[in-house]
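Trainee: Predicted model and sequence below, questions to follow.
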Amino acid sequence: MSNLKLKPEPPIGFNKKSFGDLTLIEEDDFSIVSVSLSIDRLPAFKKFVLDNFKTNIPEVGKSKFTKNKNMRIIGLQPGQFFILFERNSHHPVNEIKNMFGNDLFYSDQSDSWSVITISGSTILNALERICQLDLSLENFKVNDAQRTSMEHIGVILIRVDKNEFLLFSPRSSCSSFFHALTTSAKNIL
C-alpha cells in the first residue's frame, strides 16, 4: 500500500485577489454539514442549541455564530440548517454528530460548495451588478443569510460584517461564479 496522502484542494484554486479596496479570498478550511430534522423535533433542537451553544437557532434567512464552538449555524428553511465550521478532520459529519447527537439527519456538503469571502468598502457596488437582492445594511443586516442567484448561478450569501460577505456557490459552477465576481469587481475600478 502506498504512503500517498490525499489533501483537499480548493475548488477555484486562488488565495486572495484584490481590486482596489475590494478583496476576494477563497476559503478552503471550512467544513459544511447540512442538518435536517422534522418539525416536531424543533423545540428540543432549539433547547439543545441554547443550552450547549449559548445561542438561539437562527430563523430562516438568518445565521448565528457560536463563539464557544466557532461555528456558524445558517437557517436555510424550516428544519434545515447548514453548520459551517473550521475543518478539523476528514469526517465532519462525525464531528457534528458528536456534538448534536444521533436524532438528526446529516449530510456532508463540504465538497459541494465553493466559499468566497468578499470584503471592502466598495462591496455593494460590485455585488449590486450581479445580485438581485437589496443588500443595503437597512435591508440585509449582519448575519442575514439568503439564497439567490447571481449571473444565473444559485448562491447562498451571508453578511458577516458591514462590508463583508460569505458567498457559497455550487462547486460545479464555481469557476463561472468567480469569473462573474471578478468581472464585476474590475468594472467598479
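Mentor: Good, I have the coordinates. Numbers count the residues shown, from 1 in each chain.
Trainee: roughly how far apart are the spatially closest residue to Gly154 that is not a sequence neighbour and Ser112?
Mentor: Excluding its sequence neighbours, the residue lying closest to Gly154 (CB to CB, 6 or more residues apart in numbering) is Pro170, at 6.3 Å. For glycine as for every other residue, the C-beta is placed from the backbone atoms N, C-alpha and C. Distance from Pro170 to Ser112, counting by CB to CB, to the nearest Å: 7 Å.
Trainee: in the chain, which spans are strands?
Mentor: Residue ranges of the strands in the chain, as given by DSSP state E, are 16-19, 22-27, 30-36, 63-66, 71-77, 80-86, 105-108, 113-119, 145-150, 153-161, 164-170.
Trainee: which residues touch Ile158?
Mentor: Under the criterion of CB atoms under 8 Å, 6 or more residues apart in numbering, the neighbours of Ile158 are Ser63, Arg72, Ile74, Asn143, Asp144, Ala145, Phe165, Leu166, Phe168.
Trainee: Pull the most distant pair out of those residues.
Mentor: Spatially, the most separated pair among the contacts of Ile158 is Asn143 and Phe168, at 15.0 Å (CB to CB).
Trainee: Look at the two and report which has more neighbours.
Mentor: Using other CB atoms under 10 Å as the criterion, Asn143 and Phe168 rank with Phe168 on top: 26 against 17.
Trainee: what is that one paired to in the beta sheet?
Mentor: Val115, Ile156 (DSSP bridges).
Trainee: any idea how far the residue nearest to Gly154 lies from His90?
Mentor: Counting by CB to CB, the gap from Pro170 to His90 is 21 Å.
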